[in-house]
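Q: quick one: sequence and predicted model below, then my questions.
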Amino acid sequence: MTPPAVEARSLSRAFGARAALTDVTFSVARGEIFALLGPNGGGKTTLFRILATLLPPDAGSFSIDGLDPMVAGRPVRRRLGVVFQSASLDKKLTVGENLALQGDLYGLPSGTRAARIRELLEMFRLEDRASDLVETLSGGLARRVEIAKALLHAPPVLLLDEPSTGLDPGARRDLIDALASLARAGTAILLTTHLFEEAEAAHRIGLLDQGRLIALDTPGALKATLGGDVVTVEAKDDAGAPALAARIESRFGAEAGRITVVGPTVRVEREAAHTFVPRLVEAFPGAFKSVTLGAPSLEDVFIAKTGRRFREADAPDGGSHAE
């Protein structure tokens, strides 16, 4: 059988007393876009650095294209294209010169290098930018050059750390379209992100929180675990939310579905929630500021798993450097 393009087995890593990753296991197939979604400080960057062979795990193992990096480090690195969150382009060189330099670093023959540059410029719609200095490019164009550079040696696996950081919505959609095209051509893509829109475009999502993989499935399957729509009731203050949740549960019992308290809000997950909202409002007139109804989102999944909003789970200042 063909091995997964990426396979992580019980990976763990600590920084001093702080566990950055704990027993993380997953795999990425060829032609799959796999998103590691989590708040800042959740473990994404630590996992990315391990898979990029920049940081050894304390426990567990992983393979790239079936190879163990502890045994075959150089062949593994040649199978990886890596795009870091921080820019790695030389701004004083042109787009073409940056790509040519990357080809030289990988020892590509001049004919192969020139053919790959032409192919990638066309793939990322950069043909008319080859002679432009990188410092003149927009953020979206520069990001496309970064990815083209990482793909120059035709790696089967592409790793991207927060690839759309700093991009406007239009450039972010262009990036997502480009990644989808690469995946259709067979490239395995693993990206880290804290953006729900970016994660939604992946075939599967691994939800990371506090160094643990708390959910793993397709975006649709993850949202389907909530079992219906989400009614969000905003209490008049934080202290009033638990009491309001208790009153809703007492009044409706199991009929109310799953009830959780998040800050000043009470969240009710149930089927046919649109029929429940009028009864809820009628049962407690004037008891809350607002009532909203929506289809389940990936943030709702995170809340259901952790009891916290996504942004509330961010590590405090100074804590994310060890992520």
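A: Now that the structure is in, tell me what you want to look at. Residues are numbered from 1 along each chain as shown.
Q: so where's this structure shaky on pLDDT?
A: Low-confidence segments of the chain, defined by pLDDT under 70: 237-239, 312-323.
Q: how is it carved up into domains?
A: Annotated domains of the chain cover 6-222, 227-295 [automatic domain parsing].
Q: among those, which comes closest to R311?
A: The closest of the domains of the chain to R311 is domain 6-222. By Cβ to Cβ, the value is 6.9 Å. C-beta coordinates here come from the backbone N, C-alpha and C atoms, glycine included.
Q: and the end-to-end length of that closest one?
A: 22 Å (Cα to Cα, to the nearest Å).
Q: next: stretch 38-55.
A: From the first residue to the last, stretch 38-55 extends over 20 Å; the measure is Cα to Cα.
Q: start at 698, not 1
A: Noted, 698 is the first residue going forward, which turns the last one into stretch 735-752.
Q: quick one: buried residues of that stretch?
A: The neighbour-count check on stretch 735-752 (16 or more other Cβ atoms under 10 Å) flags 735-750 as buried.
Q: residues contacting G1004?
A: By Cβ atoms under 8 Å, 6 or more residues apart in numbering, the residues touching G1004 are T957, V959.
Q: distance of E996 relative to L734?
A: Noted for E996: a distance of 10 Å to L734, by Cβ to Cβ, to the nearest Å.
Q: so which bits of the lengthiest helix in the chain are buried?
A: As assigned by DSSP state H, the longest helix anywhere in the chain is helix 866-881. By neighbour count with 16+ other Cβ under 10 Å, helix 866-881 contains the buried residues A868, R869, D871, L872, I873, A875, L876, L879, A880.
Q: quick one: neighbours of the residue nearest to the fourth one when sequence neighbours are not counted, just the number.
A: Right, the one you point to is L872. Closest residue in space to L872, ignoring its immediate chain neighbours: S861 at 5.5 Å, by Cβ to Cβ, 6 or more residues apart in numbering. Neighbourhood size, S861 [other Cβ atoms under 10 Å]: 23.
Q: then E966?
A: 21.
Q: tell me who's in contact with it.
A: The contact partners of E966, by Cβ under 8 Å, 6+ apart, come to L923, G924, G925, D926, V927, V928, G954, R955, T957, P993, D997, A1001.
Q: how about the fourth one, nearest residue that isn't a chain neighbour?
A: Once its chain neighbours are removed from consideration, D926 has its nearest residue in A970; the separation is 3.8 Å (Cβ to Cβ, 6+ apart).
Q: I figured the one you found hits V928, correct?
A: Yes - counting by Cβ atoms under 8 Å, V928 is a contact partner of A970 at 5.1 Å.
Q: list residues touching both of these two?
A: Residues touching both A970 and V928 (Cβ under 8 Å, 6+ apart) are L990.
Q: the more surrounded of the two?
A: Between A970 and V928, counted using other Cβ under 10 Å, V928 has the larger neighbour count: 23 against 19.
Q: burial count for the closest residue to the more buried one other than its chain neighbours?
A: Excluding its sequence neighbours, the residue lying closest to V928 (Cβ to Cβ, 6+ apart) is V965, at 4.3 Å. Using other Cβ under 10 Å, V965 has 25 other residues around it.
Q: so V965, which state does it fall into?
A: Under DSSP: H, G, I helix; E, B strand; the rest coil, the three-state class of V965 is strand.
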